[in-house]
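*Asks:* Pasting the sequence and the predicted model now:
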Amino acid sequence: MSDDRVEDTSAARPADEGRGAAEGVRYGYFGPRGTFTQMALASHLHSLGMPQLLDSATAFATVPAALDAVAAGEVDEVMVPIENSVEGGVSATLDALNARDGLLIRAEVLVPITFVLAVRAGTTLGDIEAVGSHSHAWPQVRGWMAANAPAAQYIPTLSTAAAAADLGADGEPPYQAAVCAPGAAETFGLTVLASDIGDNANAVTRFVLVSGPGAPPAPTGADKTTIMLYQHSDHAGGLLALLEQFAARDINMTRLESRPTGAAMGQYGFSIDFEGHVSEERVGEALMGLHRVAAQVRFLGSYPRADRRPPVISAQHGDRAFSEARSWLRSLRTGD
Ligand SMILES: O=C(O)C(=O)C[C@]1(C(=O)O)C=C[C@@H](O)C=C1
């Protein structure tokens with residue numbers, strides 16, 4: 001078991017921990033208790049009709065530790081953050097997903113983000129010299145903090161809930177306030193000095209449920225696929241050659257980010273989400289096209305869209321059009 005496991009939530013799993021789709025599944029998440037990621041796992045388990053499985057889920061202190069545990073088979077599925085509507089991609093997750101073989105995204109969950117400023121009882125706004133929170137949370141409250149506690153210094157913590165947990169414990173953390181979820185303040189016995197302190201009231205974070213290798217979940221008609229692409233070399237039109245594989249098949253991309261490979265300055269891979277499931281003809285054709293023109297295509301999963309919104313596909317790009325075209329080509333080749 002990874003050393004980064006957070007102890008207070010690593011309770012043993014009861015023998016009878018669930019039924020149906022989630023029966024016997026050992027869940028994990030980027031913790032500790034009170035993270036937005038735990039809220040995402042709670043929402044997923046609720047949608048499966050098995051909210052009680054949250055109690056036996058294992059919390060990991062970092063995203064790489066959670067993904068290591070699923071890669072090693074210590075847990076079956078872990079929830080991690082991947083993208084925030086204000087701050088963009090969570091690089092720790094994108095890089096850790098790409099650095100491990102065989103991981104598969106099986107589901108996505110959207111969680112509206114609301115932050116509170118949590119303190120120990122008796123602390124006032126004027127007492128706050130430093131504030132602890134996750135590096136993705138701080139930029140989302142920067143405006144509020146500048147207006148209300150301009151002298152407060154930012155101290156990065158492993159997660160929003162880790163900042164709250166340390167304030168709620170006996171020690172002396174190097175900050176007097178935590179920016180965290182309302183539930184974390186409650187869990188760790190803190191006082192909420194201010195609520196809804198996010199600069200963007202519509203902030204949403206997208207989380208993904210990741211498993212070890214296996215077949216992707218069945219298509220639902222409203223799915224997404226995530227891949228990582230690497231070019232052979234940096235050259236004019238290189239990215240265009242990759243992207244035209246999508247455009248030619250009427251495939252809409254929903255996220256495109258470049259991430260440094262770490263091998264040398266200026267070397268990048270492209271992390272992409274797009275509409276569709278690997279079982280669909282147009283998606284299969286696009287992946288085959290990418291396989292031909294890219295140096296490497298890492299398939300990271302096809303999974304149901306959280307918003308259940310089906311893609312708009314023109315008739316020329318539906319499964320039937322592809323199979324008719326294939327029959328036509330076969331007839332040309334065979335003369336039948
Ligand atoms: O620290 C947490 O509570 C998390 O779940 C992580 C995380 C993130 O990585 O973006 C999730 C949502 C918020 O946007 C801030 C932090």
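*Replies:* Now that the structure is in, tell me what you want to look at. Residues are numbered from 1 along each chain as shown.

*Asks:* Once you drop chain neighbours, what's closest to residue 323?
*Replies:* What sits nearest to residue 323 in space, not counting adjacent residues and going by C-beta to C-beta, 6 or more residues apart in numbering, is residue 281, at 6.8 Å. The way it works is simple: take the backbone N, C-alpha and C, and place the C-beta from them, glycine included.

*Asks:* which residues touch that neighbour?
*Replies:* 318-319, 321-323 (C-beta atoms under 8 Å, 6 or more residues apart in numbering).

*Asks:* let's go with 10 Å and repeat that
*Replies:* For residue 281, the contact set (C-beta atoms under 10 Å, 6 or more residues apart in numbering) comprises 249, 317-323, 325-326.

*Asks:* among these, which are within reach of the ligand?
*Replies:* Counting by C-beta under 6 Å from any ligand atom, nothing from the contacts of residue 281 sits close to the ligand.

*Asks:* Now the buried members of those residues.
*Replies:* The neighbour-count test (16 or more other C-beta atoms under 10 Å) marks 249, 317, 322 as buried among the contacts of residue 281.

*Asks:* Looking at these, which are in helices?
*Replies:* Using DSSP state H, residue 322 are the members of the buried ones among the contacts of residue 281 that sit in helices.

*Asks:* Is it possible to get CSV of the buried ones among the contacts of residue 281 that adds pLDDT?
*Replies:* Output for those, formatted as CSV (pLDDT from 0 to 100):
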residue, pLDDT
249, 95
317, 93
322, 94
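
*Asks:* out of the buried ones among the contacts of residue 281, who's nearest the ligand?
*Replies:* Distances from the ligand to those, taken as C-beta to the nearest ligand atom, are shortest for residue 249 (31.9 Å).

*Asks:* Next, give phi and psi for the residue lying closest to that closest one once chain neighbours are set aside.
*Replies:* The shortest distance from residue 249 to any non-neighbouring residue, by C-beta to C-beta, 6+ apart, is to residue 282 (4.2 Å). With angles defined as degrees, to the nearest 10, residue 282 sits at phi -60, psi -30.

*Asks:* and residue 282, what is it in contact with?
*Replies:* Going by C-beta under 10 Å, 6+ apart, residue 282 touches 246, 248-251, 275-276, 311, 313-314, 316-319, 321-322.

*Asks:* can you pull the buried residues of the host helix or strand of residue 93?
*Replies:* Assigned by DSSP states H and E, residue 93 falls within helix 91-99. Across helix 91-99, burial judged by 16+ other C-beta under 10 Å covers 92-98.
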